[in-house]
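In: After the sequence you'll find the predicted model.
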Amino acid sequence: MKNIFRFSDSRKVASLTAFSVIGVYAIFVLIIWLVFQQPIGFLFFGLGVGIWVAVYFITLLFVDKFIFSKIRVIYKTIHSQKAPKGIDPKQTIDAHSIEDVQREVTEWSNERKAEIENLKDIEKYRREYIGNISHELKTPVFNIQGYILTLLDGGLEDPTINRTYLAKAEKSINRLIAIIEDLETINLLESNELKLNLNRFNLVDVAREAVESLEMKAKKRDCEVLINYNLERPIYVLADRQRILQVVTNLIDNAIKYGKKTGGHIKISFFDMDENILVEITDDGPGIAQNDIPHLFERFYRVDKGRSRGMGGTGLGLAIVKHIIEAHHQTVNVRSTLGVGTTFGFTLKKA
C-alpha cells in the first residue's frame, strides 16, 4: 500500500512536469539567443511563466483524474461496506479521502483478513462438528443393526438371548433419541427460537427434585449427594423452572458419572451474590486438566472419550447447560484441581 498516491503527490508530479517543460523552454530561448544574438525580453519571460502555470494545472488535472479513476472502485467498495444504506459512496470521495485512502484501505484489508481467518475457523469447527455427529449417531445405529441382525439370524427364537438383545436395542434407540433431542434443544437455543417461561420459584425445591430423580443412579455408585443448605429456607429466583431443573440435573448427573467410581461425595451449595444467587455443584472426583477446561462447554467434547461414551452420555449436556444459563443472561463457570475434584457454578437472578 506504500505506492498509493496522496493528494500532495499529484502537486509534486505537476510541479516536476511544469519545471521540465520550462527547462525545455529555457533551453529553446537560450538557443535562440546564441544563434540570433537577440536580447531576451519581457515577452519571453512572461510567456515562460504562462507556460509553467498552464502545464502545472493541466498536469495536476490529469494526474488527479488518473488517481481518482484508479482508486474509485476500491474506495467505493470500502465505503459501500462501511456506510449505511442510502448514502452515496461517491459523496465520500474528496481531497480529504484521498489523503486518508492508505489508512482506510489498510484497515479494510486487515478486516478482510480477519474475516477470512474467522471463516477458516468456522469451516474447521463445521468439519469437526459433522464428524462428531456422524460418530455419535453411528455408534447406536450400528449397535441396533447388530442386535436386529442377530435376532433375524435365529436369535429371535432363542429365549436365552431374544429379550436381552431387544433390551440392548432399546437402550441404543433411547441413546439415539437423546442425541437428537439434545441437538434440537441446542439449535433452538442458538437460534433464539426456544422461549423461556420465566417464573418465580424456589430454587431449593428444584435442587431437591433433581437429587431425588438421580437417587438410584447415585446409590449404584455408592455416591452421596448432599444439599448444603437449610431446606426449610426458600431461595426464590426468576427463571424458567424446567430449564433450570434440566441444568441442575445435568450437572449432578455428570458429577455422579465422572466423580469417584465408588464412595464419592457431591455437594450442592447456594451463595448470596446481592442481586444474584450462585449455585455450585462440587464433587471429589479425579478432577479435570487445566487444558481441558476451556473446551468443556463445546459440543461433543469429552475429556476421556472412551470412558464418556461408555457412560452413555450424548456429549451435549454441558453445551446445553451453557446455552440455557446464557439465555437467562447469566454466567456459568468451572474450576477443577486434579486429584481433588471439580466445581461447576452458575448464577440466577433473585426474584
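Out: Sure thing, it's come through.

In: Quick check: residue 225 vs residue 242, distance?
Out: Noted for residue 225: a distance of 21 Å to residue 242, by CB to CB, to the nearest Å. Yep, even glycine has a C-beta here, placed from its N, CA and C like the rest.

In: Could you check which of the two has the larger neighbour count?
Out: Higher neighbour count among residue 225 and residue 242: residue 225, with 23 against 13, using other CB atoms under 10 Å.

In: The more buried one - nearest residue in space that isn't next to it in sequence?
Out: Closest residue in space to residue 225, ignoring its immediate chain neighbours: residue 266 at 4.6 Å, by CB to CB, 6 or more residues apart in numbering.

In: Look at the one you found and tell me its secondary structure.
Out: What DSSP: H, G, I helix; E, B strand; the rest coil gives for residue 266 is strand.

In: Look up the residues forming beta bridges with it.
Out: On the basis of DSSP bridges, residue 266 is bridged to residue 225, residue 283.

In: what sits against it?
Out: 218, 223, 224, 225, 226, 252, 255, 256, 259, 281, 282, 283 (CB atoms under 8 Å, 6 or more residues apart in numbering).

In: same thing with residue 131?
Out: No contacts exist for residue 131 under CB under 8 Å, 6+ apart.

In: In what element of secondary structure is it found?
Out: Using DSSP states H and E, residue 131 sits within helix 95-152.

In: after that helix, next one along is what?
Out: Following helix 95-152 in sequence, per DSSP H and E, is helix 162-190.

In: Output the contacting helices and strands for that following helix.
Out: helix 95-152, helix 317-327 (3 or more CB pairs under 8 Å, 6 or more residues apart in numbering; DSSP states H and E).

In: Neighbours of residue 213, how many?
Out: Neighbour number of residue 213 under other CB under 10 Å is 14.

In: cool, residue 209 as well?
Out: Counted with other CB under 10 Å, residue 209 comes out at 13.

In: same thing with the one 10 residues further on?
Out: Other residues lying near residue 219 total 11 when counted by other CB under 10 Å.

In: isn't there a helix covering it?
Out: Yes - counting by three-state DSSP, residue 219 is part of a helix.

In: pLDDT below threshold where in the chain?
Out: The model of the chain has pLDDT under 70 over residues 1-102, 125, 129, 304-313.

In: domain ranges for it?
Out: 7-93, 128-190, 198-349 (automatic domain parsing).

In: tilt between the helix holding residue 131 and helix 162-190?
Out: 170 degrees (axes from the mean of the first three to the mean of the last three CA atoms, to 10 degrees).

In: give me phi/psi at residue 234?
Out: Main-chain torsions, residue 234, degrees, to the nearest 10: phi -70, psi 150.

In: Can you tell me the closest non-neighbouring residue to it?
Out: residue 202 (4.3 Å).

In: How many residues are close by that neighbour?
Out: Using other CB under 10 Å, residue 202 has 16 other residues around it.

In: and the gap between it and residue 244?
Out: Distance from residue 202 to residue 244, by CB to CB: 11 Å.

In: re earlier: tell me how far the residue nearest to residue 225 lies from residue 215.
Out: Distance, residue 266 to residue 215, by CB to CB: 12 Å.

In: tell me, what's touching the two both at once?
Out: Common neighbours of residue 266 and residue 215 (CB under 8 Å, 6+ apart) are residue 225.

In: If you compare the directions of the host helix or strand of residue 334 and helix 317-327, what angle comes out?
Out: Using DSSP H and E, residue 334 sits within strand 332-337. Here the directions of strand 332-337 and helix 317-327 differ by 140 degrees (the same axes, to 10 degrees).

In: all numbers from here: first residue = 25
Out: Taking 25 as the first residue, the last one we looked at is strand 356-361.
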